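Have a look at this fold, sequence not included:
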């Protein structure tokens, strides 16, 4: 009698949380998605355009993070899971290609690809865990019910136009966003528990860090591609430097200490499911959104260094503001602090104070970009020095004890 191999990811070994190459290959689709989002926002710098792109961006993040949860449970090195990821890649490319016209001609393509990824992936998970404990199957069944309810509004929204589509899709996304906070409660099936979401912390932290890298990479790509098309001048060189330093500053704020400390915390947590839900599933969308908006700001500064419209000013300031807010909340949740990091709060405060001054159009786009980049670098430097000063007494005590 043959025994089928379990499709679950191994736990407890040295490399059980390692991100596989097929997952990195899958992520390439979302490099394209992030580029599409930034270009769409740049082409629709208005309140309505911002709302639409925000909805699409959260949807893209949601389908990616749900897939990351699945590959946290299932082993992507097994053939069935690998083939499943390839199927999701094809749908992801269709979804990404339809982003610029999601609210016009390609709404049905976007909605169909999204629903296929969400519902199809969950059906696959139910099949994959059919021989595992019943609690795991029930968890995915509850998730499936919620996703099928939201699917009605995704497809329904694609069949109408204008504000009706926006309302339907906003409701569909809201259903999906609140479902984890309600533990996917379903009448007759009950609700999931945090023990059902026993994730591999190393894997979840690394996956989300890689998505931040994707967003930062797209920012550098925009900077390089835009600069390559400009006539060489001092303002172009300064704008290029400001944009690159801004990306470096954002990398430093997220990766220098915050990501590593959070990684260590979730990897050694007795309750990783709660932290994965709050810190990585919800709060990371703000971090990624801040990077994407900042990429749009970089292009505006490079192409129009002398002037920025009101919408452009909001984008130039809003990108770093959202990014610092996301990092502040993320580091607060993943630490024992009573408050978010003071450096981040000060940075958010400075950017907030800068907005009304900038809307008087007393700054050029280049100067405004330089100011926001300086604030991000200040936050990075402040946090780095503060953490080093905090660690010095601890290191001294350990040395004395030895």
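Here it is on my side, so go on. These numbers come from a predicted model, not from an experiment.

Other residues contacting stretch 83-103?
Contact with stretch 83-103 is made by 22-23, 25-26, 29-30, 32-33, 36-37, 39-40, 43, 52, 56, 60, 63, 67, 71, 76, 106-107, 109-110, 112-114, 116-117, 120-121, 124, 165-166, as judged by Cβ atoms under 8 Å, 6 or more residues apart in numbering. Where you see a C-beta, it was placed from the backbone N, CA and C, and this is true even at glycine.

any idea of the mean pLDDT for it?
Averaging pLDDT along stretch 83-103 yields 97.

name the element residue 65 belongs to?
Here residue 65, judged by DSSP states H and E, is contained in helix 47-73.

Poorly predicted segments of the chain, please.
Applying pLDDT under 70 to the chain flags the ranges 1-4, 12-16, 390-402.

The contacts of stretch 83-103, buried ones only, as a PyMOL selection?
Buried residues within the contacts of stretch 83-103, by 16 or more other Cβ atoms under 10 Å, are selected in PyMOL with:
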select buried, resi 22+23+26+29+30+32+33+36+37+39+40+52+56+60+63+67+71+76+106+107+109+110+112+113+114+116+117+121+124+165+166
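
Out of the contacts of stretch 83-103, list just those in strands.
Within the contacts of stretch 83-103, no residue falls in strands by DSSP state E.

quick one: which of the contacts of stretch 83-103 sit in helices?
Applying DSSP state H to the contacts of stretch 83-103, the entries found in helices are 22-23, 25-26, 29-30, 32-33, 36-37, 39-40, 43, 52, 56, 60, 63, 67, 71, 107, 109-110, 112-114, 116-117, 120-121, 124, 165-166.

Buried residues in the helix holding residue 65, which are they?
Buried-residue list, helix 47-73, by 16+ other Cβ under 10 Å: 49-50, 52-73.

How about stretch 315-327, which residues are buried there?
In terms of neighbour count (16+ other Cβ under 10 Å), stretch 315-327 has its buried residues at 315-327.

Please disregard the earlier target; I meant stretch 274-286.
In stretch 274-286, counting by 16+ other Cβ under 10 Å, buried: 275-286.

Also stretch 285-303?
285-302.

and the closest residue to residue 181 other than its chain neighbours, how far is that from residue 198?
Computed as Cβ to Cβ, 6 or more residues apart in numbering, the closest residue to residue 181 that is not its neighbour in sequence is residue 277, at 7.9 Å. From residue 277 across to residue 198, the span is 12 Å (Cβ to Cβ, to the nearest Å).

now for the helix holding residue 65, which elements pack on it?
Packing contacts for helix 47-73, counted by 3 or more Cβ pairs under 8 Å, 6 or more residues apart in numbering; DSSP states H and E, involve helix 21-43, helix 79-97, helix 107-128, helix 162-178, helix 201-228, helix 284-303.

So residue 245 sits against residue 377, correct?
Yes. Under the criterion of Cβ atoms under 8 Å, residue 245 makes contact with residue 377 at 6.6 Å.

Return the residues in contact with residue 186.
Residue 186 neighbours (Cβ under 8 Å, 6+ apart): 141-142, 145-146.

how close does it sit to residue 173?
Taking Cβ to Cβ, one finds residue 186 at 19 Å from residue 173.

likewise residue 66?
Distance from residue 66 to residue 173, by Cβ to Cβ: 13 Å.

repeat for residue 382
Residue 382 is 36 Å from residue 173, by Cβ to Cβ.

Among the two, which residue is more densely surrounded?
Between residue 382 and residue 173, residue 173 has the larger neighbour count (other Cβ atoms under 10 Å), namely 21 against 16.

list the contacts for the more buried one?
Neighbouring residues of residue 173 by Cβ under 8 Å, 6+ apart: 55, 58-59, 62, 150.

Just the closest of those to residue 306, please.
Within those, the smallest distance to residue 306 is 32.6 Å, found for residue 55 (Cβ to Cβ).

Spit out the contact partners of that closest one.
166, 169-170, 173.

7 Å instead?
Neighbouring residues of residue 55 by Cβ atoms under 7 Å, 6 or more residues apart in numbering: 169-170, 173.

can you redo the residues you listed as TSV with distance to residue 334?
Output for the contacts of residue 55, formatted as TSV (distance: Cβ to Cβ, whole Å):
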residue	distance to residue 334
169	31
170	29
173	25
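
Quick check: closest non-adjacent residue to residue 57.
Closest residue to residue 57 apart from its sequence neighbours, by Cβ to Cβ, 6+ apart: residue 37 at 5.2 Å.

How about residue 34?
residue 218 (4.5 Å).

Tell me how far the one you found lies from residue 294.
Here the criterion is Cβ to Cβ. By it, residue 218 lies 10 Å from residue 294.

what does residue 88 give?
On the measure of Cβ to Cβ, residue 88 and residue 294 end up 28 Å apart.

before we move on, the earlier item: shouldn't the residue nearest to residue 181 be in contact with residue 177?
No. In this structure, residue 277 is not within contact of residue 177 by Cβ atoms under 7 Å, at 11.6 Å.

in stretch 73-88, what counts as buried?
For stretch 73-88, the neighbour count (16+ other Cβ under 10 Å) marks 73-76, 78, 81-82, 84-85, 88 as buried.

Of these, which is the nearest to residue 342?
For these, the nearest to residue 342 is residue 73 (37.7 Å; Cβ to Cβ).

Show the contacting residues for the residue lying closest to residue 111 once chain neighbours are set aside.
Sequence neighbours aside, residue 158 is the residue nearest to residue 111 in space, at 3.9 Å (criterion: Cβ to Cβ, 6+ apart). Taking Cβ under 7 Å, 6+ apart, we find residue 158 in contact with 107-108, 111, 165.

ok, residue 158 to residue 60 distance?
Noted for residue 158: a distance of 16 Å to residue 60, by Cβ to Cβ.

again, but for residue 178
Distance, residue 178 to residue 60, using Cβ to Cβ: 18 Å.

Hmm, residue 67 is touching residue 124, no?
No. Counting by Cβ under 7 Å, residue 67 stays clear of residue 124, with 10.7 Å between them.

does residue 307 sit in a helix, a strand or a coil?
Put simply, residue 307 is coil when judged by DSSP: H, G, I helix; E, B strand; the rest coil.
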